[in-house]
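>>> Sequence and predicted structure, then a few things I'm wondering about:
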Amino acid sequence: MRTIRRLIYGEIFVAVGFVLLAFLSLFFFFDFVDELPALGKPSALDAKVVYEVPHALLYVGLLMPNRIYELLPISVLIGAVFVLARLAQGSEYTILRTSGLGPWRALRTLLGLGVVFVALTFAMGDYLAPLADRTAQLLKARYQGNISIGQTGAWLKERQPYSNFSVNVGSMSSQGELGNVRIFEFNNQGSLVSTLTAASGQIEVDDSWTLRQVQRREFDTAGQASARIVRSALETFRWPSGINSEMVSVALLKPETMRTTDLFGYIRHLQANGQTAQRYEIEFWRKVFYPLSCLVMVVLALPFAYLHFRSGSITAYVFGGVMIGISFFLLNNVFGYIGNLNAWQPWLAAASPALIYSVFSLAAFGWLVLRR
C-alpha cells in the first residue's frame, strides 16, 4: 500500500501543481492588466513618488497567495480527475484494484491526501494570504496615496458606560495615519451630545486616539428651550477608546482576506455594540468550511477511476471536472449572498455548498463504485 500511495500521491501532487500554476498565470496576467491604467501616475501624497511597472508587478505578486487559497480546491479536483481518469484509461487502475486497492481503501487513501490539501489551504488562507494582501494594500497606498475605505469611509461603533459613539474614518495611509476622522457621541437616551471632526489622527499603543486639527461641537440642552452649541478648535485631542488599529484595518480589508481569529474578534466587537454581524459571521464560517472542500473534491474525483474510457474520451471527463469545480466556486459565493439576504444561520449558509457536493459525490461513489 505504501507503494500505491506514493504513486497516486505523487501523480496527483504534480497534476495539481500544474493546474494551479496555469490558473495563477492567467490571473496574474489579468490582475496586471488591471494595474496598467495607474502606471506612471504620481502619488496623491507626494508628486515625486510614481507608480511604475516593478511596483505593479510586486503588487500583483502579493495578490497571488489569496488566489492560491481560492483556486486550490478547484485545482485539487481537476488534478485528481485527470490522474485517476488517465490511470483508468491505461488500465493501470485495474491493476491497482487487483493488487488489493478496494473501493473503501481507495477512498481512505484519497481522504488522506485531501487532509494534506486541507492543511495547506487553511495555512494559505489564514496566515500567508492575509499578510500578503495587507502588504499589497500598504504598497498601493504608498505609491498611489491614502487607502480610501469605501465611498463614505469605514464606520465603527463603540459603546461606553455613559455614551455611545459612531466613528467614521475616511482613509488610512501606509504608516497607519488616519484621515478625515468624524466622531458622533450620543447619550444613553439616544440624543446627540457632541460631534468631532479631525483632519488626521493616530491610534496609540494603549488604543487611545490622538487626533489633530480638531473641530468640536457640544450640544447643551439642559435647562434650555433650545440647544446651545459650544464650538471649540483644538490642535490635538485625545479620545480614549477600545477601537484598536486592527479593527480599523478590518474595515479596510475584505472579510474574505482576513484571518479567522480577526474575523471572530471583530464579530464579537460588533455584537457587543449592537451592530449586525451577519456578513462577517457567514464569512467566518466560510473560512472554517472552505479548506474542508478539498476533501469533497477528492471524493468527487474517485468515481472517475471506475469509468470505462474510449480513446480520446478522457478530455471530456476532465472538462466535466473543470465544470464541477467552477460550479462549486460559484455556488459557494451565491449561497453567501443568499444567506445574508435571507438571514440564514451563518454556518448553514457557509456549509451548504460543501454538504450538497458531499452528498452528490457519495451518491456517485455508491452508484459507480459499489453498485456497478
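Perfect, thanks for sending it.
>>> Tell me the secondary structure at residue 190.
coil (DSSP: H, G, I helix; E, B strand; the rest coil).
>>> again with the one 5 residues further on
Three states are possible here, and by three-state DSSP the one that applies to residue 195 is strand.
>>> How about the contacts made by the closest residue to it other than its chain neighbours?
Nearest residue to residue 195, sequence neighbours excluded (CB to CB, 6 or more residues apart in numbering): residue 217, at 4.9 Å. Bear in mind the C-beta positions are built from the backbone N, C-alpha and C, glycine included. Residue 217 is in contact with 194, 195, 196, 229, 230, 231, 232, counting by CB atoms under 8 Å, 6 or more residues apart in numbering.
>>> Of the residues you listed, which is the most crowded?
When neighbours are taken as other CB atoms under 10 Å, the top entry among the contacts of residue 217 is residue 196 (21 neighbours).
>>> if I look at it, how far off is residue 18?
Going from residue 196 to residue 18 by CB to CB, to the nearest Å gives 56 Å.
>>> And residue 258, its phi and psi?
Here is the backbone geometry of residue 258 (degrees, to the nearest 10): phi -90, psi 160.
>>> Just give the closest residue to it, not the sequence neighbours.
residue 130 (5.8 Å).
>>> Look at the one you found and say how many residues are nearby.
23.
>>> Do a quick rundown of the strands in the stretch 201-350 of the chain.
Here the stretch 201-350 of the chain has its strands, by DSSP state E, counting those that start in this stretch, at 209-220, 228-239.
>>> Quick one: mean pLDDT for the first one?
Meaning strand 209-220. Average pLDDT, strand 209-220: 88.
>>> With stretch 356-372 instead?
For stretch 356-372, the mean pLDDT works out to 74.
>>> same check, this time on stretch 27-43
87.
>>> where does the helix or strand that the residue nearest to residue 258 is a member of sit relative to the chain's centre, distance-wise?
Using DSSP states H and E, residue 130 maps to helix 129-144. Helix 129-144 sits 15 Å away from the centroid of its parent chain (CA atoms, centre = their mean, to the nearest Å).
>>> do stretch 21-32 as well
18 Å.
>>> Just after the lowest-mean-pLDDT helix or strand in the chain, pick out the following helix or strand.
For the chain, counting by mean pLDDT, DSSP states H and E, strand 147-148 ranks last in confidence among helices and strands (a mean of 47). Once strand 147-148 ends, the next helix or strand along the chain (criterion: DSSP H and E) is strand 154-159.
>>> just checking, what packs against that following strand?
Using 3 or more CB pairs under 8 Å, 6 or more residues apart in numbering; DSSP states H and E, the elements in contact with strand 154-159 are strand 164-172, helix 245-252.
>>> tilt between it and strand 164-172?
Interaxial angle of strand 154-159 relative to strand 164-172 (axes from the mean of the first three to the mean of the last three CA atoms, to 10 degrees): 150 degrees.
>>> and strand 154-159, what's its mean pLDDT?
On average, strand 154-159 scores 80.
>>> Give me the distance from it to the chain's centre.
Distance, centroid of strand 154-159 to centroid of chain: 22 Å (CA atoms, centre = their mean).
>>> same question, stretch 346-359
Using CA atoms, centre = their mean, the offset of stretch 346-359 from its chain centre is 17 Å.
>>> just checking, next helix/strand downstream of whichever helix or strand residue 54 is part of?
For residue 54, the host element (DSSP H and E) is helix 53-89. Sequence order places helix 92-98 as the next helix or strand after helix 53-89, per DSSP H and E.
>>> buried sites along the very next helix or strand once past that following helix?
Toward the C-terminus, helix 92-98 is succeeded by helix 103-123 as the next helix or strand (DSSP H and E). The neighbour-count check on helix 103-123 (16 or more other CB atoms under 10 Å) flags 103, 106, 107, 109, 110, 113, 114, 117, 118, 120, 121, 122 as buried.
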